[in-house]
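A.B. asks: here you go, sequence then predicted model.
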Amino acid sequence: MSLKILQFGTTGQLGLELLRQAPAHDVTVTALGRADADLADPAAAAEAVRRHRPGLVVIAAAHTAVDQAESERDLAFTVNAESPGAIAAAAAEVGAAVINVSTDYVFDGAGGAPYREDAATNPLNVYGASKLAGERAVAAANPRALSIRTSWVVSPHGKNFIKTMLRVAAAGNPLKVVDDQSGRPTSAADLAGFILAIAPRLAAAPAGDPAFGVVHFANSGEVTWRGFAQAIFAEALGESAPEVAPTTTAEYVTPARRPLRATMDLGRLEAVYGVRPRPWRDALREILAELKAAL
Ligand SMILES: NC(=O)c1ccc[n+]([C@@H]2O[C@H](COP(=O)([O-])OP(=O)(O)OC[C@H]3O[C@@H](n4cnc5c(N)ncnc54)[C@H](OP(=O)(O)O)[C@@H]3O)[C@@H](O)[C@H]2O)c1
C-alpha cells in the first residue's frame, strides 16, 4: 500500500515541487493549503493531522517573509514554531513521522562555517529564531521528527532571488547586490526530490533511528548574492549580461539582520542518507531552462 503523506503548504516553492514530483513516487499525498489549515491556528492544524491519520507529515508551509517577521513576531512564532509543534504532537498520537523544514538562518554566520548540525545556533532575526523554536518544538513533541535545514531556496515558481534579478534586469535599472553574504543556493526541486526519496524510510523508522533529528540539505558550492546574480545573468543572458556592482550588508539596510556566512556542512546528509546534492550552478541552469520554456 502506498505511503499516506499529509502535506501542509500547496502554493510555496517547496509545496509546488512536492506536488509536482509526488506522482513519480509510491505515495498518496493529501495537500492542505492555507484555506484548509491556517498555521496561525495550531489547534486546527493538529486537528487536520488527527482527521487524516497519515503515515508521514511534511510541513512545507512557513512564515518565510524574513523582513516582515521582524514586525510580526507573534505570528511568525505561531506559524513557524507553535503549529509545527502541535502538528508533530498530533502526528505522534496517530503514529506518524514528521518532516519539518528549517533554515541556515538559525546560525549567526559570524564564524565557524560550514556549520555542522550540532554547531551552536544563534539566530540574528525573528524568522531564524522562530524556525529554531520550530525545530525544538517538533523534536520535543515527536521522537520521529526530522528538521531539514535548507538555504537560499530557488525555483521557477513564486518569489525568489532568480526571478527578482531577471525582473530588475529586464527593467534596465542599475544593479547593486550584496557581496559580503555567502551561502548555498538550493533548488526547491532538489529538496522536494530528497524529501520524497526519504519518505518511506522515515515512515518506517523507529524512534532513535539516525534518520531523525536535524540534517542540512543544500546544493553544493558556495557563492555571494552578487556572484549568484552574475551567474544568473551569465547563464540567462550571455553576452548581454548587465553589470552588477557590489555593495555591503552595512550599506544595504533591511529590517532583519542576516548572517554573513551561514553556509551549512553537508557531511551528515551523505553519511546518513548517502546523498550528495549537485552543484547550485547546475540547478540554476535547469531552473532558467524551465523559465525560458514557459515564455
Ligand atoms: N525561501 C528560502 O530562501 C528559504 C531558505 C531557508 C529555508 N526555507 C524554508 O523552506 C521551507 C519552504 O520555503 P518556500 O521557499 O517554499 O516558501 P514560500 O515559497 O515562501 O511559501 C510559503 C508557503 O507557506 C504558506 N503559508 C504561509 N503562512 C501560512 C499560514 N499561516 N498558514 C498556512 N500556510 C501558510 C504559503 O501559503 P500562501 O500562498 O497562502 O501564502 C506558502 O504556501 C520553509 O520552511 C522555509 O522556512 C526557505
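C.D. replies: Happy to help now that I have it.

A.B. asks: what's near enough to touch the closest residue to the ligand within the chain?
C.D. replies: Taking Cβ to the nearest ligand atom, the ligand has its nearest neighbour within the chain at Gly12, 2.2 Å off. C-beta here means a position set from N, CA and C on the backbone, and glycine is covered the same way. For Gly12, the contacting residues are Ala60, Ala61, Ala62, Thr64, Gly158, by Cβ atoms under 8 Å, 6 or more residues apart in numbering.

A.B. asks: the helix or strand where Leu288 lies vs the ligand: in contact?
C.D. replies: Counting by DSSP states H and E, the element that carries Leu288 is helix 280-293. No - Helix 280-293 stays clear of the ligand (Cβ under 6 Å from any ligand atom), getting no nearer than 12.5 Å.

A.B. asks: elements contacting that helix?
C.D. replies: If you count contacts as 3 or more Cβ pairs under 8 Å, 6 or more residues apart in numbering; DSSP states H and E, helix 280-293 packs onto strand 153-154, helix 161-170, strand 186-187, helix 188-204, helix 225-237.

A.B. asks: quickly compare the ones you listed and say which is most buried.
C.D. replies: Neighbour counts (mean count of other Cβ atoms under 10 Å) averaged over each of the helices and strands packed on helix 280-293 peak at strand 186-187, with a mean of 26.

A.B. asks: give me the packing partners of it, helices and strands only.
C.D. replies: If you count contacts as 3+ Cβ pairs under 8 Å, 6+ apart, strand 186-187 packs onto strand 153-154, helix 280-293.

A.B. asks: mind doing that once more with 10 Å?
C.D. replies: In terms of contacts (3 or more Cβ pairs under 10 Å, 6 or more residues apart in numbering; DSSP states H and E), strand 186-187 is packed against helix 13-21, strand 153-154, helix 280-293.

A.B. asks: if we look at that strand, which residues are touching it?
C.D. replies: Strand 186-187 has contacts (Cβ atoms under 10 Å, 6 or more residues apart in numbering) with 13-14, 17, 104, 150-156, 193, 217-220, 264, 277-278, 280, 282-284, 286-287.

A.B. asks: and if we set it to 7 Å?
C.D. replies: Thr150, Ser151, Trp152, Val153, Val154, Ser155, Ala218, Asn219, Ala283, Ile287 (Cβ atoms under 7 Å, 6 or more residues apart in numbering).

A.B. asks: how much space between the last one and Ala192?
C.D. replies: If I follow you right, that is Ile287. According to Cβ to Cβ, to the nearest Å, Ile287 stands 13 Å off from Ala192.

A.B. asks: need the helices and strands packed on helix 280-293 in CSV (columns: distance to His25 and mean pLDDT).
C.D. replies: Listed next are the helices and strands packed on helix 280-293 as CSV, based on distance: least, Cβ to Cβ, whole Å; pLDDT from 0 to 100:
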stretch, distance to His25, mean pLDDT
strand 153-154, 21, 97
helix 161-170, 26, 93
strand 186-187, 17, 98
helix 188-204, 5, 98
helix 225-237, 29, 96
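
A.B. asks: up against the ligand, what does the chain have?
C.D. replies: 9, 11-15, 34, 38-40, 60-64, 79, 101, 103, 131, 150-153, 158, 188.

A.B. asks: one more pass at 5 Å, please.
C.D. replies: Residues of the chain lying near the ligand by Cβ under 5 Å from any ligand atom: 9, 11-15, 34, 38-40, 61-62, 64, 79, 101, 103, 150, 153, 158.
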